[in-house]
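K.L.:
model this:
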Amino acid sequence: MTTKSEPLEPGALLYDPATGRVGEYRDRAGPYVLLRPVGGGVEWEADPERLRPATDRERLGANVRAVNHRTRSLPSLPPPLDDDSRPPRPVPGCAACAELAERREAARAAYDRSAETDANVLLRQHQRREHRA
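P.N.:
Below you'll find the predicted structure:
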């Protein structure tokens, strides 16, 4: 449908029946035109004589596919931290809390994550027994 005399604007959405895809017009490359998938991706060459403007339905479908692809490719956010996932804080003035917090800091300084976790568990257990009403 498009001819060599028809100027195409970069970004125009065209349907390529050879691939069954909608692409954004980028530029000409010899006898072909370069199309890029909506939302980005690897360009492909298409015969300009076979291309036609994309219908509203085709445009919508291409945009939905682009958004879905972008959503799947983004890293997921970590879950929000709650009180149980944060290291417990020692209660001021409590000798047992201070001793367990020191044990945790010594393990952290030695890069001993297992001992650090053990100290956190013991500190939580102590706080539940002794400091919760």
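
K.L.:
who are the packing partners of the strand ranked longest in the chain?
P.N.:
If you go by DSSP state E, the chain has its longest strand at strand 21-29. Counting contacts by 3 or more C-beta pairs under 8 Å, 6 or more residues apart in numbering; DSSP states H and E, strand 21-29 is packed against strand 13-16, strand 32-37, strand 44-46, helix 56-73. For glycine as for every other residue, the C-beta is placed from the backbone atoms N, C-alpha and C.

K.L.:
what residues does it touch?
P.N.:
8-16, 33-38, 43-46, 48, 54, 58-59, 61-62 (C-beta atoms under 8 Å, 6 or more residues apart in numbering).

K.L.:
now do stretch 97-105
P.N.:
For stretch 97-105, using C-beta under 8 Å, 6+ apart, the contacting residues are Pro87, Pro90, Val91, Ala115, Glu116, Ala119, Asn120, Leu122, Leu123, His126, Gln127, His131.

K.L.:
and what of stretch 68-75?
P.N.:
Gly39.

K.L.:
mind running it again at 10 Å?
P.N.:
Pro37, Val38, Gly39, Gly40, Gly41 (C-beta atoms under 10 Å, 6 or more residues apart in numbering).

K.L.:
highest neighbour count among the residues you listed?
P.N.:
Counting neighbours by other C-beta atoms under 10 Å, Val38 leads the contacts of stretch 68-75 with 23 neighbours.
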